[in-house]
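**Q** Pasted the sequence and its predicted model underneath.
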Amino acid sequence: MDSGFDREGESMNELFLFVRPPRPLWPFNGPSSAFWPPLAFASMAAMLRENVADLRVEILDAPVLEMGWRTLESELRGRRPDFVGIGEEAVSCVEGLRLASLARDCAARVIAGGCFFGHVAAEALRTGLIDVVVHGEGEVTIVELTETLRGGTDELHRVKGISFLRDGEVVTTEPRPPMHDLDALPFPAYDLLPVERYGARSRNHPHLAAVELGRGCVGSCDFCILWRQMGRFVDGKVRPYLRTKSAERLLEEVKWLVRVHGRRHLGWVDPCFNAHPGIPAGLAELLLRDGLRVGQSAWLRTDAIMRDAASGALAACVRSGLNEVYLGIERADEESLEGLHKTAGLDHARQALQVLRREFPKVVVIGSFIYGLPGDTPRTMRTIHRLSSELRLDQAFYIPLTPLPGTALWRPEMWDSSGNAFRRFSFLPQYRAHDGLSVLERALLRSLLFNWNPARLRDHWACLLAGDARRRRISWRLLWRALCHHLRQSLPALFPGGGNGGMVFPRWYES
């Protein structure tokens with residue numbers, strides 16, 4: 001470790017720099033709202049700033065700044081961080097490892113975490129690019145870890161919830177229990193972010209903020225990594241563990257985002273925003289009491305929508321600004337839903353959509369469906385597409401079953417130290433794969449293009465010509481982006497570059 005002095009001999013605090021490197025865009029997102037504020041970085045940065053003396057803390061969010069790799073390298077060499085924090089999704093593993101290599105070249109210690117690196121700790125550490133991997137929620141761990149690293153590495157084994165290499169062997173310490181009292185967290189360090197850039201040119205998600213009502217889930221779907229990331233260990237196994245902030249704490253956080261940082265749309269990052277029967281409604285009532293109505297988007301459980309519709313909770317949330325909801329419907333048959341350990345069924349989905357369409361027609365409703373289970377056939381794809389049409393969604397996303405690290409589908413032999421294999425973990429139909437999925441995806445494409453019954457035509461035009469301007473605008477944009485994606489993936493001769501998993505590389509990526 002250096003002496004703590006710069007080259008001129010002046011005292012200089014060590015720097016912990018969280019970095020989100022240049023990344024491709026998910027093709028259904030517009031460039032003005034493609035990158036949400038990195039809430040995990042902001043939350044951990046706030047904890048470090050509050051608890052570690054004489055440490056400078058900064059966040060460098062390259063994508064929202066449209067900063068490419070050449071500029072990022074220059075920034076790292078100029079700032080000379082002592083610690084670099086990274087946390088990429090599976091699809092951007094390439095970028096995470098590339099960033100780690102740059103950071104090591106700058107003599108920084110690299111700390112990785114999040115839903116991806118936390119579940120491939122051994123493999124990531126053996127690349128030689130990463131010093132420590134943090135498992136689970138990071139706020140408490142990052143403080144203890146940083147203090148330990150500043151004093152030397154001999155005591156790393158005392159830090160809960162991490163993995164590191166010692167004499168070439170991977171050491172994983174005791175799991176750290178997740179935080180129970182989320183109200184004890186400081187407000188995220190939004191002042192360290194280029195806040196004015198998030199959603200600056202977006203009409204549908206203007207002046208965007210990422211915010212959490214709580215953490216964890218009440219479900220344990222096989223394909224989901226989020227409940228595992230936010231769960232707790234019981235008898236050596238991770239279990240779902242739902243926690244929420246209080247309505248009063250949430251009110252203060254929303255006021256701070258709206259009045260101090262000028263945010264006008266809240267993107268709730270919770271796996272299931274309405275899992276708790278009281279907190280969302282309690283927040284909504286407080287917002288309405290204080291005259292605050294701010295646009296909001298959130299993932300909802302379909303089985304809780306009926307409960308909240310009956311209690312008035314859903315109506316309160318919509319009145320306070322909830323205008324875009326995402327529903328994980330997933331399958332068109334109960335048997336495969338049960339096989340995935342999903343507890344919300346088809347009847348819940350049908351009832352929820354009836355309520356949303358009848359009572360809240362201005363709310364944009366987007367549903368997700370999963371394909372690629374054992375036994376799926378082209379007929380399965382047609383059935384799933386038919387269900388998505390019957391439900392009268394504004395948009396449906398069809399997602400290949402993806403073996404994310406940490407889920408039951410993952411196998412260690414899937415690891416690729418270059419990261420390139422993870423480009424296909426984009427949750428997008430790609431059509432070009434030479435495996436069983438391509439058969440299913442082409443059946444889906446044929447159904448999307450040619451299966452137009454009168455009811456589907458009617459509902460499709462109802463979305464495109466909706467009386468609510470926002471809902472109408474979103475429908476047109478999603479239609480255009482879906483068309484572009486399907487054309488790029490299904491016509492490789494006209495649209496080369498099919499190894500990117502369907503992701504779109506912006507012009508500034510290497511700049």
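**A** Here it is on my side, so go on. Numbers count the residues shown, from 1 in each chain.

**Q** Any regions of the chain where pLDDT drops low?
**A** Along the chain, segments meeting pLDDT under 70 span 1-12, 432-435, 490-499.

**Q** try 50 this time
**A** 1-11 (pLDDT under 50).

**Q** Show me how it divides into domains.
**A** 14-172, 203-411 (automatic domain parsing).

**Q** Pairing partners for the helix or strand harbouring residue 298, with directions?
**A** If you go by DSSP states H and E, residue 298 is part of strand 295-300. Sheet pairing of strand 295-300 (DSSP bridges) gives strand 265-268 (parallel), strand 322-330 (parallel).

**Q** returning to what we had before: mind checking which of the domains of the chain is nearest residue 504?
**A** Ranking those by proximity to residue 504 (CB to CB) places domain 14-172 first, at 4.6 Å. C-beta here means a position set from N, CA and C on the backbone, and glycine is covered the same way.

**Q** Can you get me the start-to-end distance on the closest one?
**A** Start and end residues of domain 14-172 are separated by 26 Å (CA to CA, to the nearest Å).

**Q** now that domain, how far from the centre of its chain.
**A** 16 Å (CA atoms, centre = their mean, to the nearest Å).

**Q** How about stretch 235-255?
**A** Here the centre of stretch 235-255 is set off from its chain's centre by 17 Å, with CA atoms, centre = their mean.

**Q** Reformat the strands paired with strand 295-300 as TSV; add distance to residue 98 and mean neighbour count.
**A** Below are the strands paired with strand 295-300 laid out as TSV (distance: least, CB to CB, whole Å; neighbours: other CB atoms under 10 Å):
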stretch	distance to residue 98	mean neighbour count
strand 265-268	27	22
strand 322-330	31	23
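
**Q** Need those strands in CSV (columns: distance to residue 288).
**A** Listed next are those as CSV, based on distance: least, CB to CB, whole Å:
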stretch, distance to residue 288
strand 265-268, 15
strand 322-330, 12
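
**Q** Now residue 305. Nearest residue, chain neighbours left out?
**A** residue 352 (3.9 Å; CB to CB, 6 or more residues apart in numbering).

**Q** Tally up the residues packed near that neighbour, please.
**A** By the measure other CB atoms under 10 Å, the count of residues near residue 352 is 27.

**Q** how much space between it and residue 325?
**A** 9 Å (CB to CB, to the nearest Å).

**Q** intersection of neighbour lists for these two?
**A** In terms of CB atoms under 8 Å, 6 or more residues apart in numbering, residue 352 and residue 325 are both contacted by the residues residue 300.

**Q** What are the buried residues along stretch 232-241?
**A** Across stretch 232-241, burial judged by 16 or more other CB atoms under 10 Å covers 232, 238, 240-241.

**Q** returning to that earlier point: name the helices or strands packed onto the helix or strand that the strand holding residue 298 is followed by?
**A** Counting by DSSP H and E, the next helix or strand C-terminal to strand 295-300 is helix 302-311. Applying 3 or more CB pairs under 8 Å, 6 or more residues apart in numbering; DSSP states H and E, we find helix 302-311 packed against helix 279-289, helix 313-319, strand 322-330, helix 346-359.

**Q** Can you mark which positions in the top helix by length along the chain are buried?
**A** Determined from DSSP state H, the single longest helix within the chain is helix 469-490. By neighbour count on 16+ other CB under 10 Å, the buried set for helix 469-490 is 470-472, 474-475, 477-478, 481-482, 485-486, 488-490.

**Q** returning to what we had before: how about CSV for the domains of the chain, with distance to residue 454 added?
**A** Listed next are the domains of the chain as CSV, based on distance: least, CB to CB, whole Å:
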stretch, distance to residue 454
domain 14-172, 27
domain 203-411, 11
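
**Q** Please identify which of the ones you listed is closest to residue 444.
**A** Nearest to residue 444, of the domains of the chain and by CB to CB, is domain 203-411 at 4.4 Å.

**Q** Figure out how far the closest one is from the centre of its chain.
**A** 12 Å.

**Q** Of all the domains of the chain, which one is nearest residue 500?
**A** Of all these, domain 14-172 sits nearest to residue 500, with 6.5 Å by CB to CB.

**Q** quick one, what contacts residue 189?
**A** 42-43, 45-46, 49, 57, 59.

**Q** which one of those has the most neighbours?
**A** residue 45 (27 neighbours).

**Q** any chance you could map the strands in the stretch 51-200 of the chain?
**A** 55-61, 83-86, 109-112, 132-134, 162-166, 169-172 (DSSP state E, counting those that start in this stretch).

**Q** For those strands, could you give me JSON lines that also reports distance to residue 390?
**A** Output for the strands of the stretch 51-200 of the chain, formatted as JSON lines (distance: least, CB to CB, whole Å):
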{"stretch": "strand 55-61", "distance to residue 390": "41"}
{"stretch": "strand 83-86", "distance to residue 390": "43"}
{"stretch": "strand 109-112", "distance to residue 390": "43"}
{"stretch": "strand 132-134", "distance to residue 390": "44"}
{"stretch": "strand 162-166", "distance to residue 390": "47"}
{"stretch": "strand 169-172", "distance to residue 390": "47"}
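
**Q** right, so of the ones you listed, which gets closest to residue 202?
**A** Among those, if distance is taken as CB to CB, the winner is strand 55-61, at 16.3 Å.

**Q** and residue 90, which of the strands paired with strand 295-300 is closest to it?
**A** Nearest of the strands paired with strand 295-300 (CB to CB): strand 322-330, 18.4 Å.

**Q** Span of stretch 212-231 from start to end?
**A** End-to-end distance of stretch 212-231 (CA to CA): 16 Å.

**Q** So which bits of that stretch are buried?
**A** 212-221, 223-231.

**Q** Likewise for stretch 252-271?
**A** 253-254, 257-258, 261, 263-271.

**Q** Now render these as CSV, adding distance to residue 440 and secondary structure.
**A** Shown next, in CSV, are those (distance: CB to CB, whole Å; DSSP: H, G, I helix; E, B strand; the rest coil):
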residue, distance to residue 440, secondary structure
253, 43, helix
254, 42, helix
257, 42, helix
258, 44, helix
261, 44, coil
263, 40, coil
264, 40, coil
265, 35, strand
266, 36, strand
267, 31, strand
268, 32, strand
269, 30, coil
270, 30, coil
271, 26, coil
